[in-house]
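> sequence? don't have it. structure:
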C-alpha cells in the first residue's frame with residue numbers, strides 16, 4: 001500500500017502480506033472482517049483528503065445491518081433446532097400414548113400389512129416408529145406415518161366370534 005503525504009511516499013508491504021494471509025478460504029466476509037477493513041481504511045486515509053462524513057455513515061450503517069443479519073441468522077438456526085426437537089418429542093409422546101393398544105398399518109413397501117400390539121415408541125433413522133408385537137410373537141417396527149387403524153384391543157377374529 002502506498003501513501004503520499006506532503007510529497008513523501010512510503011510503502012507498507014507488511015500490512016499487505018498480513019491482510020492477504022487472513023483471507024478466508026470460502027471467500028466470505030464476516031462482521032469482524034468488515035470492521036477490520038473499516039479500521040484499516042480509516043488508518044490509511046489521506047489526512048489532506050479525509051473520508052466524507054456521508055460515506056462514513058453509510059459504512060457504519062452497513063456494519064450495523066450486517067450485525068443484525070448475523071443475529072437474525074443465529075436466532076433462526078436456534079429456532080429451527082428447537083422446533084425439530086419439539087417435533088421429535090411430540091411424535092414420541094403420541095407414540096407412547098399408543099403403548100398397549102392394537103394398531104394396523106402397512107410396511108414401508110406400501111403393501112405388506114402389519115398388525116399387533118404396541119410395545120414401545122422410538123425415534124429411529126430420523127422417523128418416529130412404533131415397535132409392535134405381531135400375533136406370532138415377533139417384534140417389528142411400524143412407521144407412525146403408516147398407521148391406518150388404532151384400537152384399544154385386538155379385533156376378534158371371525159372364528160372366535162362364531163364360537164362365542
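Looks like it arrived, so ask away. Please read all numbers here as calculations on a predicted model, not as lab measurements.
> tell me, how many residues neighbour residue 139?
11 (other C-beta atoms under 10 Å). From N, CA and C alone the C-beta is placed, and that goes for glycine too.
> pLDDT wise, what is it at?
Per-residue confidence (pLDDT) for residue 139: 92.
> wait, what's in contact with it?
Contact analysis of residue 139 by C-beta atoms under 8 Å, 6 or more residues apart in numbering lists 119, 131, 132, 133.
> neighbours around the first one, how many?
Look at residue 119: counted by other C-beta under 10 Å, it has 12 neighbours.
> which of the three states applies to it?
strand (DSSP: H, G, I helix; E, B strand; the rest coil).
> what pLDDT does residue 163 get?
Predicted confidence (pLDDT) for residue 163: 44.
> try residue 128
In this model, residue 128 carries a pLDDT of 90.
> okay, it and residue 88: tell me how far apart.
Remark: distance between residue 128 and residue 88 (C-beta to C-beta, to the nearest Å) = 7 Å.
> run through the residues that contact the residue nearest to residue 113 when sequence neighbours are not counted.
With C-beta to C-beta, 6 or more residues apart in numbering as the measure, residue 106 is the residue that lies nearest to residue 113, at 5.9 Å, once sequence neighbours are left out. Residue 106 sits next to 112, 113, 114, 146, 148 when contact means C-beta under 8 Å, 6+ apart.
> residue 63 - nearest residue in space that isn't next to it in sequence?
In space, and not counting its chain neighbours, residue 63 is closest to residue 34: 5.7 Å by C-beta to C-beta, 6+ apart.
> so that neighbour lies in a helix, does it not?
Yes - secondary structure of residue 34 (three-state DSSP): part of a helix.
> test my guess that it contacts residue 61.
No - using C-beta atoms under 8 Å, residue 34 makes no contact with residue 61, being 11.9 Å away.
> looking at these two, which is more packed in?
Neighbour count, other C-beta under 10 Å: between residue 34 and residue 61, residue 34 has more, with 15 against 10.
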